[in-house]
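Attaching a predicted model along with its sequence, questions to come.
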Amino acid sequence: MESRFCSALYANIDLAHQPLVHEDIIMGDIELDELNDMEVKKILRNLRMPYNHTQRNELWAKLVSKWAHFNGSEDKYTITQESYDQLKIVESAFLNSNLLQNCVLTTKYLKQDGVLELQRIIHLISKELDLVVFCPLLPIFCCYLLVYNATPLLIANVGLKLTDSNNQAFGLPLSQREWTSFLVAIDPLLKKFSKNTYKFYRISFTSSTSSPDFLDISVFCWCHILLTEMPLDFIVRIFDVYIWEGIKILYRAGIVLLKLFRLHSQSSKSTVSLISKEFPEQLATFCRQNITSITTPNEFLKKCFKLRNFSFRYIQSCNRQLRRLGVEKHYLADSFHFALESSASGGKSVGDLGSFITQFADLSFALDSHNPSTVLTNSEFMHIFTHCEARLASLKMPSLVFSTDIHGCNLTTFHTQCDDLEETLIIVVTSDPQNEVFGAFCADPWSSRHQNWGTYFGRGQCFLFTIRPKLQFFMWVGDSKPGSKNLFQLANSSGISIGGGPEGPGLMIDKNVQYGSTANSPTFNNIELSSKSQFTIRLMEVFSLK
């Protein structure tokens, strides 16, 4: 059998010549086609194959091909060899898709050529998924697959499968809100499956920024640290199981990791003080320095599978309950306070709230120095930013690019100022009714109207909101909701619209930027943004967020 082991190609560690660890027993070739699902599951849970053994690359190739239904053939690939070959000649600097820009690449196990290959893989996936601009787990998963498999085309197509929202057991979170909901679900799971650990984290933190009903925000660094700071042999064993069983193993492993850290802290001679801003680094240090003296990779997995009645259905019910309670919104809105506290004290940000926590700190400090709006407070700006999905990773200080007070009430001037901006934030203040404030986040350049004259354009990162008298956000409902249509942005000689439907646009501004209207749009399932469906504009401000 020809080996696909790629240590000489992309991995920056010579896996083939590492010494065997933990005296594990090597298994022979596994013929998956001769086994049923339960037999494969049992083998993978108890697999005694060192992370550095050359058979693993063959095993992973078989596993991903089987569950992705590729069956060793490229006939079912969505991303073709031709697409990949065309991209091979593109320099790294031109691999600039939205998804790639919003990724934090995990590269410590890859050579320079491997990093470039990973960028190509994410870029290829992004080209197939125009509406997806955020998926923090995707580059991590693709990185580890690339370490063991020298066929980037297979990995790109597997990555595409992982971003399929219909593939619930394996599908990865594809928006900032989904990601936050995914992380926060560890709270009810920990409460059910490790009550003592849950109580430990609930009472141990000082300077907590969290809701009194839920864990401290810093605990939700668990997933990033699990997949990037744990020793490689632990991570690889987790992936052995994930490739066959899906997302459940991440929660199991997260619970066990938090439990082991709790036991380690309680057994230390000096009590470990858990401070919110310091916890991510404390947990990461534990993974790097202590965990191998406490347990082995296979023993770690055994602890994971001692959690009984741990079903994917229960995980889904936890996520639904958290969404109904709006918990993910609370943590998104609260995260920049955590960032400020951490940044002000020089704390090191390790957690997977990571990139946007740092971004929140930068933005909040900048807004304190100069708020470009005559309407929005700093807090209102930050609430809007929490709903800007993955673009948090690349948001800059908002810049005022159009104001009716400065540029006049003219839509031609609006287009001159705003057409070439990738994203715009529109704020409307009314005079009739008096002093209501609402608006829209628009994810596509308004210049796209030239290619879509008279028709809607844009993508699912658009949303509508009200600021005063009540703060409310109305996100894209998605493709799956009956009656929904992807009517995001429209621009013509009559004005501009965001959202559409049989009752009218969610928000419409006329060509003179003096009057507007609002209606329920099935795209966002919004209420009327104003107390009057026809309103008069006192002021409109538009901001660039790049």
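Done, it's in. Everything numeric in this text was worked out from a predicted model, so none of it was measured.

Surely G114 is in a strand?
No. According to DSSP: H, G, I helix; E, B strand; the rest coil, G114 belongs to no strand; its state is helix.

Touching, it and L145? I think so.
No. G114 lies out of contact with L145 (CB atoms under 8 Å); the separation is 11.2 Å. Every residue, glycine included, has its C-beta placed from N, CA and C.

Return the distance of T151 relative to L539.
Counting by CB to CB, to the nearest Å, the separation of T151 from L539 is 56 Å.

what does V401 give?
The spacing between V401 and L539, counted by CB to CB, is 15 Å.

now S530
As judged by CB to CB, S530 and L539 stand 14 Å apart.

Neighbour count: those two, which is higher?
Using other CB atoms under 10 Å as the criterion, S530 and L539 rank with S530 on top: 21 against 17.

Check whether the more buried one really touches G439, as I assumed.
No. Using CB under 8 Å, S530 is not in contact with G439; the gap is 11.1 Å.

For the stretch 251-400 of the chain, which residues score under the pLDDT cut-off?
Within the stretch 251-400 of the chain, the segments meeting pLDDT under 70 span 268-273, 276, 325-370, 386, 389-397.

residue boundaries of the helices in it?
279-289, 291-294, 297-305, 312-325, 327-344, 354-369, 378-385 (DSSP state H, counting those that start in this stretch).

Now do the buried residues in the first one.
What that stands for is helix 279-289. For helix 279-289, a neighbour-count test (16 or more other CB atoms under 10 Å) marks 279-284, 286-287 as buried.

Could you do the fourth one as well?
Buried residues in helix 312-325, counting neighbours by 16+ other CB under 10 Å, are found at 314-315, 318-319, 322-323.

next one: it to chain centre, how far?
18 Å (CA atoms, centre = their mean, to the nearest Å).

Numbering from 460 from now on, please.
In the new count, where the first residue is 460, that last one comes out as helix 771-784.

list the helices and strands it packs on?
helix 635-643, helix 645-652, helix 707-726 (3 or more CB pairs under 8 Å, 6 or more residues apart in numbering; DSSP states H and E).

again, 10 Å this time
Using 3 or more CB pairs under 10 Å, 6 or more residues apart in numbering; DSSP states H and E as the contact test, the elements touching helix 771-784 are helix 635-643, helix 645-652, helix 707-726, helix 786-803.

Check the second one too.
For helix 750-753, the packing partners by 3+ CB pairs under 10 Å, 6+ apart come out as helix 691-704, helix 707-726, helix 756-764.

For R507, find the nearest of these.
Of all the helices and strands packed on helix 750-753, helix 756-764 sits nearest to R507, with 6.6 Å by CB to CB.

what's the angle from that closest one to helix 691-704?
Computed with axes from the mean of the first three to the mean of the last three CA atoms, to 10 degrees, the direction of helix 756-764 lies at 50 degrees from that of helix 691-704.

Alpha carbons of helix 756-764, as CSV, please.
The C-alpha coordinates for helix 756-764 follow below in CSV (Å, rounded to 0.1, in the frame of the first residue of the first chain):
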residue,chain,number,x,y,z
PRO,A,756,-3.8,10.1,25.9
ASN,A,757,-5.7,6.8,26.1
GLU,A,758,-6.5,7.2,29.8
PHE,A,759,-7.7,10.7,29.0
LEU,A,760,-10.1,9.2,26.4
LYS,A,761,-11.3,6.5,28.9
LYS,A,762,-12.3,9.3,31.3
CYS,A,763,-14.2,11.0,28.4
PHE,A,764,-16.2,7.8,27.7
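
now that helix and helix 707-726, what's the angle there?
With the same axes, to 10 degrees defining the directions, helix 756-764 sits at 100 degrees from helix 707-726.

Could you list the residues in contact with helix 756-764?
If you take CB atoms under 10 Å, 6 or more residues apart in numbering as the criterion, helix 756-764 is touched by 480-481, 483, 503-507, 509-510, 689-697, 699-700, 707-716, 718-719, 750-751, 753-755, 769.

buried ones in that helix?
756-757, 759-760, 762-763.

what do you get for stretch 495-511?
499, 502-504, 506, 508-511.

Could you export those residues as JSON lines, including secondary structure, distance to L597 and pLDDT?
Shown next, in JSON lines, are those (DSSP: H, G, I helix; E, B strand; the rest coil; distance: CB to CB, whole Å; pLDDT from 0 to 100):
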{"residue": "V499", "secondary structure": "helix", "distance to L597": "24", "pLDDT": "84"}
{"residue": "I502", "secondary structure": "helix", "distance to L597": "27", "pLDDT": "86"}
{"residue": "L503", "secondary structure": "helix", "distance to L597": "22", "pLDDT": "88"}
{"residue": "R504", "secondary structure": "helix", "distance to L597": "25", "pLDDT": "90"}
{"residue": "L506", "secondary structure": "coil", "distance to L597": "25", "pLDDT": "85"}
{"residue": "M508", "secondary structure": "coil", "distance to L597": "25", "pLDDT": "80"}
{"residue": "P509", "secondary structure": "coil", "distance to L597": "27", "pLDDT": "77"}
{"residue": "Y510", "secondary structure": "coil", "distance to L597": "22", "pLDDT": "76"}
{"residue": "N511", "secondary structure": "coil", "distance to L597": "25", "pLDDT": "72"}
